[in-house]
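Participant: Turn this into a model:
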Amino acid sequence: MTQLKKAGDLPAEISAAILAVARKRGTEKSTCPSEIARMLFPDDWRKYMKEVVDVAVHLHLINQVLITQKGMPIEVDHIKGPIRITIARK
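Facilitator: Predicted structure coming up:
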């Protein structure tokens, strides 16, 4: 994927990438937010980690994805530590 040119495109591009990876992996496998950041922003991915997590939380709140820690769903109000993202079961 190419790096984004406009800041306004970030949430949509990040959301599309999260959903594409999560759908490809299915409900039994997950992805790390850093994988999404590295895919979209290979040269400076750490700078975009907060945006990736924020978009993942939004997708979680609208039941598109599930955010977990140690394989268990979590409350996303106060995330501490590493998280994983998986596609939500329908």
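
Participant: Gln69 and Ile85 touch, don't they?
Facilitator: No: with contact defined as CB atoms under 8 Å, Gln69 does not reach Ile85; the gap is 11.1 Å. Any C-beta I mention is one placed from the backbone N, CA and C, and that applies to glycine too.

Participant: In this structure, spot the helix with the most residues.
Facilitator: helix 10-25 (DSSP state H).

Participant: What's the first helix or strand after that one?
Facilitator: Sequence order places helix 33-40 as the next helix or strand after helix 10-25, per DSSP states H and E.

Participant: tell me the angle that following helix makes with helix 10-25.
Facilitator: 110 degrees (axes from the mean of the first three to the mean of the last three CA atoms, to 10 degrees).

Participant: Can you tell me how far the residue nearest in space to the middle of the chain is from Pro73?
Facilitator: A centroid search over the chain (CA atoms, centre = their mean) returns Ala56, at 4.1 Å, as the residue closest to the centre. Look at Ala56 and Pro73: by CB to CB, to the nearest Å, they are 13 Å apart.

Participant: If anything else comes up later, I'll come back, but that's it for now.
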